[in-house]
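Q: Here is my input; please provide its structure:
(one chain, ligands or ions: 1)
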Amino acid sequence: MNTALALYAANVGNSRGRRYQEAPPNYRTEYQRDRDRIVHSAAFRRLEYKTQVFVNHEGDMFRTRLTHSVEVAQIARSISRILNLNEDLVEAIALAHDLGHTPFGHAGQDALNRCMKAYGGFEHNLQSLRVVDELEERYAEFSGLNLTYESREGILKHCSPLRAKELGELGERFISKQQPSLEAQLTNVADEIAYNNHDMDDGMRSGLITLEQLCEMSLFAEQYEIVIGLYKNLTERRTIHEVVRRMINSQVTDLIETSLANIKSAAPATIDDIRLQPQPLIRFSEEMNAYNLELKRFLRKGLYQHYRVRRMSTKADRIIKSLFEIFLDDQHLLPPEYDSKVSQMEQVEGVAGKARVVADYIAGMTDRYAIGEFERLFNPSQLT
Ligand code: MG
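A: The predicted structure follows:
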């Protein structure tokens, strides 16, 4: 925890509170309590078996949504401490930011979104909020985790203006084009730093991208030259890791220095001054933005669209679509608790309500659970 929070950092004194009032915790801050509730949630445990890029059974060494979230928390907390922001809040947002992800990474999210097109769509970011606001059933007095406004604000990174209207106070900033807290801004960029760098590392490990290909990228090539100049006989594995860690360091350093300069010139006095800024104060320099764009393009072309990743994506698409259709067609195939939720939601919202419960069920699945459900429902030789 920071010793001296900046005046414009989120803190218990300027918090917009929780949806359901609760007595303050005795020995923790409100944001520590948020983080603790996230860590104890079922959705958090399931992150362990959800794909980041590689499906869980493809190998034990690849990042999962869980290890990704821990890396985001690490990067965000380190920077938070330098900027005197609220480290507890940053950690809570980082650990919760991917709770709404479907199985099978982006392929799963795209598939579920297509299935939900006629029923209001599916967006993992909104789903993360739905998990912490409604879907977790753990507490006697409320559904969801009843997190503070600031944690919820950080989880909801983007939102269409139409959706924003339904979200009340939390959606307002998307309509009035305001910014979230610096803690939310920071965690968002830390997410980007984490996945850009670990996807390169996983891509190399998987053999889908080569060292030669990585060297086509300026940011990688720059650090690579330094590393091979300093160390003559490193193995390829150690070389890559040494380069990637230096890349992360250069991105983090750039982010800290640029953001500190932005904060200095904007001179915010309160968290509301932060929210009224025309653009986020936590951002990279233009130069680093250009490097990052190149890195993202490289990963899209070389990794995310690699034929082996695409093969898995088409399988994911088929599994999600098949599960969605069969459950929407016959809700009694759902586990009993979801079956009764369908009946409740259908009364209020008709078929869209029914589809939403099916989407919640599918989105909550881990990769292996989704594959198991698919097998149980479509493989004639599977009897249970
Ligand atoms: Mg993420």
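Q: What is the distance between the biggest helix by length in the chain and the centre of its chain?
A: Secondary structure of the chain read by DSSP state H shows that its longest helix is helix 236-266. With Cα atoms, centre = their mean, to the nearest Å as the basis, helix 236-266 stands 20 Å off its chain's centre.
Q: Please list the residues of this protein that sit near the ion.
A: 98, 191 (Cβ under 5 Å from the ion). For glycine as for every other residue, the C-beta is placed from the backbone atoms N, C-alpha and C.
Q: which regions of the chain lie under the pLDDT threshold?
A: 1-3, 54-58, 383-384 (pLDDT under 70).
Q: As a quick check, tell me the outermost residue of it.
A: No residue in the chain sits farther from the centre than residue 232, which is 38.2 Å out by Cα atoms, centre = their mean.
Q: Which secondary structure state does that one sit in?
A: coil (DSSP: H, G, I helix; E, B strand; the rest coil).
Q: how near is it to residue 223?
A: 16 Å (Cβ to Cβ, to the nearest Å).
Q: Nearest to the ion: which residue in the stretch 101-250 of the chain?
A: residue 191 (4.3 Å; Cβ to the ion).
Q: Find the nearest non-adjacent residue to that residue, please.
A: Leaving aside its sequence neighbours, residue 191 sits nearest to residue 72 (Cβ to Cβ, 6 or more residues apart in numbering; 5.0 Å).
Q: and the gap between residue 73 and the ion?
A: 11 Å (Cβ to the ion, to the nearest Å).
Q: tell me the contacts of the residue nearest to that residue when sequence neighbours are not counted?
A: Spatial nearest neighbour of residue 73, excluding adjacent residues (Cβ to Cβ, 6+ apart): residue 94 at 3.8 Å. Counting by Cβ atoms under 8 Å, 6 or more residues apart in numbering, residue 94 touches 69, 72, 73, 76, 77, 187, 190, 191.
Q: mind checking which helix or strand the last one is in?
A: Assignment of secondary structure by DSSP states H and E places residue 191 within helix 182-206.
Q: Can you classify the closest residue to the ion within the stretch 1-150 of the chain by secondary structure?
A: Residue nearest to the ion within the stretch 1-150 of the chain: residue 98 (4.6 Å; Cβ to the ion). Using three-state DSSP as the criterion, the local structure at residue 98 reads coil.
Q: Burial check on it, number of neighbours?
A: 23 (other Cβ atoms under 10 Å).
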